[in-house]
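Chemist: Quick one: sequence and predicted model below, then my questions.
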Amino acid sequence: MKKILMTGARSGIGNALVNRLISKDYYIYLTVHTDEQLKIVKDKYKEYGNIKCLKLDVTLESDRLKIEKLDIDILINFAAIGYGGSISEIPMSLVRENFEVNVFSSFELVQIVLKQMMAKKKGKLIIMSSLAGILPLNFLGSYCATKASIIQLTTTLKNELKLLNTNIKVVLIEPGMYHTGFNQVMLENKYDWMQEKSYFKNELDFIRKKENLFFNLLEKNKLNTIVKKIEKAVVSENPKFIYRAPLVQVLGAKLYQIFKS
């Protein structure tokens, strides 16, 4: 029974993946951010012998070091946050926190798990980025930048590991816009400070309406297209490097890459 460590799997895409894998031959370490969330998932999955719920704040070294004691075959790194706001004025403290969670702490965890995999010369690292990493969105530049960084770091990691004689697979997941509630929190949190003082103070109603229209139009309510892709990455002995969905948004991102100049 292969052992999977999932970060940030309380809800959304991560939780949907747990529900698809729960009946398969895997032992899942399902981790959440807080003790309150831990109580909820422990109660939810208390009848399942192949799920162990843990509290893992990826920004805390003490929490990350707990993972050293676990034997992990597959890491799936869902943990992420998002802050909105114009790059011209967003507090750098928010940008730093965005990078701390999505990039720095997540890759510190990758290094911990990879150390175990290097000793066994096998394993699978499944790292979550986003189409936002290749398709920048106005007033979401901080989040998009973290996802772009993840793409570059993961690609570099894959190429570096090719030089070693191991069976460690590196997989990059790039979801488009799905309705999990994450996007709505990210869209709204910038107004906490922009309403008080912002270069765009007189444009906030227009920005909010335009963003809501854009996301309401494009967000997918059903998660199955991306969850199936991640499941394929988990179960495949030779997974592709990049999995993306939904198709329409993937095509839109590719067209942007072609014509952005």
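Modeler: Perfect, I can see it now.

Chemist: can you list the weak-confidence ranges in the chain?
Modeler: Low-confidence segments of the chain (pLDDT under 70): 261.

Chemist: can you give me the helices for it?
Modeler: For the chain, helices defined by DSSP state H occupy the ranges 12-21, 35-44, 61-66, 92-99, 106-120, 141-161, 182-189, 191-194, 204-218, 224-235, 247-259.

Chemist: Looking at these, which is nearest to Ile126?
Modeler: Ile126 lies closest to helix 224-235 among those, at 5.5 Å (C-beta to C-beta). Backbone N, C-alpha and C define where each C-beta goes, glycine included.

Chemist: quick one: the residue lying farthest from the centre of the chain from Met194, how far?
Modeler: For the chain, the residue at maximal distance from the C-alpha centroid (C-alpha atoms, centre = their mean) is Asn202, at 33.3 Å. According to C-beta to C-beta, to the nearest Å, Asn202 stands 11 Å off from Met194.

Chemist: what do you get for Lys229?
Modeler: From Lys229 to Met194 the distance is 35 Å (C-beta to C-beta).

Chemist: Now tabulate the helices of the chain in TSV and tack on mean neighbour count and distance to Asn77.
Modeler: Shown next, in TSV, are those (neighbours: other C-beta atoms under 10 Å; distance: least, C-beta to C-beta, whole Å):
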stretch	mean neighbour count	distance to Asn77
helix 12-21	20	10
helix 35-44	14	17
helix 61-66	13	12
helix 92-99	15	15
helix 106-120	17	5
helix 141-161	19	9
helix 182-189	17	15
helix 191-194	16	27
helix 204-218	13	24
helix 224-235	19	11
helix 247-259	13	21
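
Chemist: In CSV, list these along with distance to Gly84.
Modeler: Shown next, in CSV, are the helices of the chain (distance: least, C-beta to C-beta, whole Å):
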stretch, distance to Gly84
helix 12-21, 18
helix 35-44, 23
helix 61-66, 27
helix 92-99, 9
helix 106-120, 20
helix 141-161, 7
helix 182-189, 5
helix 191-194, 8
helix 204-218, 9
helix 224-235, 22
helix 247-259, 19
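
Chemist: Look up how far Met128 lies from His33.
Modeler: 15 Å.

Chemist: Just want to know which of those two has more residues nearby.
Modeler: Using other C-beta atoms under 10 Å, the more surrounded residue of His33 and Met128 is Met128, with 25 against 20.

Chemist: which non-adjacent residue is nearest the more buried one?
Modeler: Ile173 (5.0 Å; C-beta to C-beta, 6 or more residues apart in numbering).
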